[in-house]
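Trainee: Just need the structure, nothing else, for what follows:
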Amino acid sequence: MTDLIVKSGVRETVDDHPISADFYEALDEKVEELLEDAARRAEANERQTVMPQDL
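Mentor: Now for the predicted structure:
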């Protein structure tokens, strides 16, 4: 699996909280699902381009 998130960006966003090592993997899986759903929505709307409204 490709890493879709940037760990330093996540740490910077939630800098007041510790982050467990397995959180990154779970977040990456959620992002992958979100992207796959967006691609399916674009296809359902007969587009090749994934757009913000597909989220």
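
Trainee: Give the buried residues for the longest helix along the chain.
Mentor: Taking DSSP state H as the criterion, the chain has its longest helix at helix 21-44. Of the residues in helix 21-44, 24, 28, 38, 42 count as buried by neighbour count, 16 or more other CB atoms under 10 Å. Any C-beta I mention is one placed from the backbone N, CA and C, and that applies to glycine too.

Trainee: Just give me the neighbour total for the nearest residue to the first one once chain neighbours are set aside.
Mentor: With CB to CB, 6 or more residues apart in numbering as the criterion, residue 24 has its nearest non-adjacent residue at 5.8 Å, and that residue is residue 7. Taking other CB atoms under 10 Å as the neighbour definition, residue 7 ends up with a count of 14.

Trainee: Skipping adjacent residues, who's closest to residue 54 in space?
Mentor: Spatially, and ignoring its direct neighbours in sequence, residue 54 is nearest to residue 38 (3.9 Å; CB to CB, 6+ apart).

Trainee: Do I have it right that the one you found meets residue 49?
Mentor: No. Counting by CB atoms under 8 Å, residue 49 is not a contact partner of residue 38; they are 10.6 Å apart.

Trainee: Can you list the low-confidence ranges for the chain?
Mentor: Along the chain, the parts satisfying pLDDT under 70 run over 1.

Trainee: Contacts only, for the spatially most central residue of the chain.
Mentor: Nearest residue to the geometric centre of the chain (CA atoms, centre = their mean): residue 31, 2.1 Å. Going by CB atoms under 8 Å, 6 or more residues apart in numbering, residue 31 touches 4-5.
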